[in-house]
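Enquirer: sequence plus the predicted model coming up.
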Amino acid sequence: PHERIPRFEEINARLMPATGWQIVAVPGLIPELAFFELLADRRFPVTDWIRTPAEFDYIVEPDVFHDLFGHVPLLFNPVLADYVQRYGQGGIKAHRLGACEMLARLYWYTIEFGLIREAGGLRAYGAGILSSGGELVYSVESPLPQRLPLTVERAMRSRYKIDSYQQTYFVIDDLQQLFDMTEADFAPLYPQLRALPEFSADGQLIAAQA
């Protein structure tokens, strides 16, 4: 086990040959469009600060532990690596169409808080879960949250929590399913979803957007 601060150049020396991705250091949250452009170019932004011991179980903003240990290992998986790039490309388009909020929900419920069903039971693949010791157990074992089969439409209509464990998780059967269901152009979908009611973080129907 390593007992020192990870060096980005050492990780990139392994990540680039594996899937063509690189990680780049950022000071914190960056503007949406800049984030999408980095992902579309197969570059993943990693924040350069770390949480305090009191924040070990949950933090609101991503830190280096969340980004590096939550996201980066999954970028070594070719299918997920391609999905994240596709998300960035879709984000650039969503930015032009004023649909970033809906697309952000898909990111939240997959790349950040996604669950996958395997032979041994539920497993987490979302980085927000993987970097939270508390939510990791809660997300796969607790009877409290609801767990729904992932559909793009439902995820995009579902609000989420940023300051506590999630009340809803979306489950996939394999990573290829995630890649395949996001292959279509989302542009025609956005106006359709705007006309429909949304779901609160706990799955309750709420009024349609104005």
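Expert: Great, that's in hand. Residues are numbered from 1 along each chain as shown.
Enquirer: give me the nearest residue to G88, chain neighbours excluded.
Expert: L39 (2.6 Å; CB to CB, 6 or more residues apart in numbering). (C-beta placed from N, C-alpha, C; glycine too.)
Enquirer: now do the helix or strand hosting that neighbour: distance to the chain's middle.
Expert: Taking DSSP states H and E as the criterion, L39 maps to helix 32-40. Relative to its chain's centre, helix 32-40 lies at 14 Å (CA atoms, centre = their mean, to the nearest Å).
Enquirer: dump the C-alpha coordinates for that helix into PDB.
Expert: Extracted C-alpha coordinates of helix 32-40, given in PDB (Å, rounded to 0.1, in the frame of the first residue of the first chain):
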ATOM      1  CA  GLU A  32     -20.000  23.300 -16.400                       C
ATOM      2  CA  LEU A  33     -18.800  23.900 -20.000                       C
ATOM      3  CA  ALA A  34     -15.100  23.600 -19.000                       C
ATOM      4  CA  PHE A  35     -15.900  20.300 -17.200                       C
ATOM      5  CA  PHE A  36     -17.700  18.900 -20.300                       C
ATOM      6  CA  GLU A  37     -14.900  20.000 -22.600                       C
ATOM      7  CA  LEU A  38     -12.300  18.200 -20.400                       C
ATOM      8  CA  LEU A  39     -14.400  15.000 -20.400                       C
ATOM      9  CA  ALA A  40     -14.900  15.100 -24.100                       C
END
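Enquirer: what residues of that helix count as buried?
Expert: For helix 32-40, burial by neighbour count (16 or more other CB atoms under 10 Å) applies to 32, 35-40.
Enquirer: ok, and what's touching stretch 82-100?
Expert: Contact partners of stretch 82-100, identified using CB atoms under 8 Å, 6 or more residues apart in numbering, comprise 32-33, 35-42, 44, 75, 102-103, 106-107, 110-111, 175, 178-179, 182, 186-187, 190.
Enquirer: what ranges do the helices span in this protein?
Expert: 8-19, 32-40, 64, 78-97, 100-107, 127-130, 133-141, 152-156, 175-181, 189-194 (DSSP state H).
Enquirer: give me whichever of those is most buried.
Expert: Burial of the helices of the chain is given as mean neighbour count (mean count of other CB atoms under 10 Å); helix 127-130 ranks first at a mean of 24.
Enquirer: residues touching that one, excluding its own?
Expert: 66-67, 69-71, 74, 108, 111-115, 124, 135-136, 139.
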